[in-house]
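Visitor: Sequence and computational prediction follow.
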Amino acid sequence: MENLLSVAMILSPMLLGFAIRLPKTALRLLDKALDGLVYAILWLIGIGLSQVDNLVAQLDDILFYSLLLFALTMACNLAVLMLFDRRLPFPLALPKAACTASGTSGSFKQLLIVAAGIVYGIALPKHYLPPTQWSTYVLMLLMLVVGLQVRGNGITLRQILLNPRGIQIAVLFILSCLCAGCFFALLLPDVSLMQGMAMASGYGWYSLSGIVMTQAYGATWGSIALLNDLCREFFALAAIPLLMRRSPSAAVGAGGATSMDFTLPVLQHSGGIRIVPIAISFGFITNIASPLLMVFFSSWR
């Protein structure tokens, strides 16, 4: 019952937001609200990390585990999706000038906010720190805003659910991430298969995975999930223009859950307008699957 409640608390705000139609003029306000909520979540993650015992001694492990998980997930994703494009090609009329990677300064800013949270948590007494429940409330608000944005941009369930290519890429992407999570667990004796698959189910949604994994396994593992998904964001910005020419499916998969928002402009500029419905379909499915799978696998420890 507790697991079902956790899923409901995460997904219900998104579904509620998707049911509400707002005027286009409200979308700019939603963009600003989303930025603020993401920064708040990153700050809260930093505060949680500051409370970890022997934090400095664990930094090497955090960096090693996050890079290992990132390497395994990206290797599995790219191998499976490139093979898929070989078997079932999807030709695109590529634009003459591919979009170059930009926006990495935003990712650096996010890391700085986490660092600011760590400093805040270390510098101040515990009674000045926000309650742990705040992270859950902020996450629910973030999910509501995501749902409102999807509906406000005119994306219908018909567009999403009836796009065969987007669904195929999403299924292969999710399965390959689960394989990567199993490899991660097999390489690390202190990580169970369920934990490995939970850690690999963030799909680049760092503001979600950082909180959910912190609640399930502690701040150290939440930080590993956060860094892993931030690495995906960095990689996607740099690699999508190169991948699009060789494997459009791998280019879409590189962005993970961000393919329907943050990395969508890069995908569109690199692959043209035909890639947009596929990216939105793929991104929507992975956005729904990510919290479901993380909560499901982490509940089994």
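Guide: Sure, I can see it.
Visitor: Could you use CA atoms for every contact and neighbour count after this?
Guide: OK.
Visitor: Return the distance of the helix or strand containing residue 245 from the chain's centre.
Guide: Per DSSP states H and E: residue 245 is located in helix 219-246. Put simply, helix 219-246 sits 9 Å off its chain's centre (CA atoms, centre = their mean, to the nearest Å).
Visitor: Please apply the same query to stretch 158-169.
Guide: Relative to its chain's centre, stretch 158-169 lies at 19 Å (CA atoms, centre = their mean).
Visitor: buried residues in that stretch?
Guide: Going by neighbour count (16 or more other CA atoms under 10 Å), the buried part of stretch 158-169 is 160, 163, 165-169.
Visitor: Can you give the contact residues for the helix or strand where residue 277 lies?
Guide: Element membership for residue 277 (DSSP H and E) is helix 275-298. Here helix 275-298 makes contact (CA atoms under 8 Å, 6 or more residues apart in numbering) with 3, 6-7, 10-11, 92, 159-161, 163, 165-167, 169-170, 174, 194-195, 197-199, 201-203, 205, 208-209, 212-213, 216-217, 252, 256-260, 264, 267-268.
Visitor: hang on, the earlier thing: quick one: average pLDDT of the helix holding residue 245?
Guide: In this model, helix 219-246 has an average pLDDT of 86.
Visitor: Was I right to think residue 250 contacts residue 81?
Guide: Yes - at 5.1 Å, residue 250 counts as touching residue 81 under the criterion of CA atoms under 8 Å.
Visitor: Could you find the closest non-adjacent residue to residue 20?
Guide: Using CA to CA, 6 or more residues apart in numbering and skipping residues adjacent in sequence, the residue nearest residue 20 is residue 148, 6.5 Å away.
Visitor: Sorry, slip of the keys, the one I care about is residue 78.
Guide: Closest residue in space to residue 78, ignoring its immediate chain neighbours: residue 250 at 5.5 Å, by CA to CA, 6+ apart.
Visitor: Contacts only, for the residue lying closest to residue 129 once chain neighbours are set aside.
Guide: Computed as CA to CA, 6+ apart, the closest residue to residue 129 that is not its neighbour in sequence is residue 121, at 6.8 Å. Residues near residue 121 by CA under 8 Å, 6+ apart: 46-48, 50-51, 129.
Visitor: Sticking with the residue nearest to residue 20, tell me its helix or strand.
Guide: Counting by DSSP H and E, residue 148 is part of helix 133-152.
Visitor: Equivalent analysis for residue 270, please.
Guide: Element membership for residue 270, per DSSP H and E: helix 264-271.
Visitor: Just the buried residues of that helix, please?
Guide: Those would be 264, 266-271, for helix 264-271 by 16+ other CA under 10 Å.
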